[in-house]
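>>> Give me coordinates for this.
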Amino acid sequence: MKLGELASRLGAELRGDADLEITGVKGIEEAGPTEITFVANPRYAALARTTRAAAVLVDPDFQPIPAATLRVKNPYLAFARSLAFFHQPYVYPPGIHPTAVIDPTAEIGEGAYIGAYAVVGARVRLGPHATLLPHVVLYPGVQTGSHFFAHAHAVVREDCVLGDHVTLENGAIVGADGFGFAKNEAGYWEKIPQSGPVRIGSRVDIQANACIDRATVGATEIADGAKIDNLVQVGHGSRVGKNTLLCAQTGLAGSSVIGANVILAGQVGIAGHCSVGDGSILTAQSAVSHDVPPGKTISGSPGFDNRIWLRAVALFERLPELARRLTRLEQRMGARIDAPIDAQAGAPAAPRSDLSAPSPSIEDGSRK
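Presented below is the predicted three-dimensional model:
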């Protein structure tokens, strides 16, 4: 593809030779003279001056560099779209593999591909242009929209409903039983039936080995445009809003309510029955057991306001220095700082002074 054509497709301003032949897209350090790259993070701006790439996707105000530039408001998005031009995913032709097991009551939409050893249960309604790769299992009563794509070993449990353009990566589980148990009179845990399905909107991506549990009652709901990363756990009865990102190893306890356009970074934990407001961000390894208002950025465990957390972390790093300064101050003030540790209380014993000295006993009679 000519560089000029690429610029036109991306809606970018080209500064450079429109006749350059482009064969692919690579990172800024690996790209060669027939490939394009991008700069979206200021940390990599210096590398743009030395890159061997034919052209660089940059924002409109980026400094001039020796390589040609494609100037666009969102270089990262333009990079993603450029990848799609050069890297076309494998397309599976319509057809059903002879080893697939399909219940006679299932409805299969036009243009579907069903791979080896896939299982489609009773009353399933599979939308048009669906792709089920080997060993995918759809339990009875599942409904999917158009262009459903399930990679090998993905499973959708009974009566779950999925919208259009939903993608399940390898090993994703939609609708497994929620973690619900009640202790009986004998002290044993009895399983609580998980009667509610999972309902997933359109354009939702669920990555490898993520688990979306079905609800005890009602439904677990994932709204349009949500993206759920590898190894994420969504507990029973939870709700996830539109265009929200749940990053790797995040866990939502049961009945969590996550708003729209929220970002939960890696290993975030949300306690049960808590809500996170629209547009909030929880940074990596944060954990909250309280509601989060809309638009907040939260850090730490237990989580609190990110700005306060940053100051607290900076202070934590200075604690040894502050302890030494406090010791010197106490010494100048004449305080005794080498008090023995009270083993039972786990804290320094109170300093002894004339006021805390033991009173003379009746027996010694030496002090009046």
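
>>> Please name the residues that touch the spatially most central residue of the chain.
Centroid check for the chain by CA atoms, centre = their mean gives Cys247 as the closest residue, at 1.0 Å. By CB atoms under 8 Å, 6 or more residues apart in numbering, the contact set of Cys247 is 229, 232, 263-266, 268, 284. C-betas here are computed from N, CA, C, even on glycine.

>>> Make a PyMOL selection of the buried ones in those residues.
Buried residues within these, by 16 or more other CB atoms under 10 Å, are selected in PyMOL with:
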select buried, resi 229+232+263+264+265+266+268
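
>>> quick check, nearest of the contacts of Cys247 to Ser82?
Taking CB to CB as the measure, Ser82 lies nearest Asp229 of those, at 23.3 Å.

>>> Return the distance of that closest one relative to Ala80.
17 Å (CB to CB, to the nearest Å).

>>> May I have the secondary structure class of Gln331?
helix (DSSP: H, G, I helix; E, B strand; the rest coil).

>>> Tell me how many other residues crowd it.
11 (other CB atoms under 10 Å).

>>> mind starting the numbering at 699 from now?
With 699 as the first residue, the last one maps to Gln1029.

>>> Quick one: distance of stretch 864-876 to the chain centre.
15 Å (CA atoms, centre = their mean, to the nearest Å).

>>> any idea of the mean pLDDT in that stretch?
Per-residue pLDDT values over stretch 864-876 give a mean of 98.

>>> Check stretch 964-980 too.
Per-residue scores along stretch 964-980 average to 96.

>>> ditto for stretch 699-712
On average, stretch 699-712 scores 96.

>>> Next, the distance between the ends of it.
14 Å (CA to CA, to the nearest Å).

>>> likewise stretch 957-975?
Note: stretch 957-975 ends 5 Å apart using CA to CA.

>>> So Tyr1024, which state does it fall into?
That one is not Tyr; residue 1024 is Leu. helix.

>>> quick one: Leu701 from Ser780, how far?
For Leu701 relative to Ser780 (CB to CB), the value is 11 Å.

>>> Repeat that for Asn1004.
Distance from Asn1004 to Ser780, by CB to CB: 33 Å.

>>> Neighbour count: those two, which is higher?
It is Ser780, of Asn1004 and Ser780, that has more neighbours when counted by other CB under 10 Å, with 25 against 17.

>>> Mind giving me the packing neighbours of the one helix or strand that one maps to?
Using DSSP states H and E, Ser780 falls within helix 773-784. Where contact means 3 or more CB pairs under 8 Å, 6 or more residues apart in numbering; DSSP states H and E, helix 773-784 is packed against helix 701-708, strand 722-723, strand 733-736, strand 753-756.

>>> Could you point out which of these sits nearest Ala848?
strand 722-723 (27.6 Å).

>>> Quick check on Thr995: phi, psi?
With angles defined as degrees, to the nearest 10, Thr995 sits at phi -110, psi 120.

>>> and the closest residue to it other than its chain neighbours, what does it touch?
Leaving out its chain neighbours, the residue that sits closest to Thr995 by CB to CB, 6 or more residues apart in numbering is Asn1004, at 4.0 Å. By CB under 8 Å, 6+ apart, Asn1004 lies in contact with 979, 981, 995-997.

>>> Now do Asn1004 against His988, distance only.
Asn1004 is 15 Å from His988, by CB to CB.

>>> again, but for Ala946
Taken as CB to CB, the span from Ala946 to His988 is 24 Å.

>>> Show me which of these two is the more surrounded one.
With neighbours defined as other CB under 10 Å, Ala946 and His988 compare such that Ala946 has more, 17 against 11.

>>> distance of the more buried one from Ala908?
9 Å.

>>> Same question for Ala744.
37 Å.

>>> Now do the domain split for the chain, please.
Domain assignment for the chain by automatic domain parsing gives 701-784, 852-1006.

>>> before we move on, the earlier item: turn the helices and strands packed on helix 773-784 into TSV, columns for mean neighbour count.
Listed next are the helices and strands packed on helix 773-784 as TSV, based on neighbours: other CB atoms under 10 Å:
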stretch	mean neighbour count
helix 701-708	18
strand 722-723	18
strand 733-736	26
strand 753-756	26
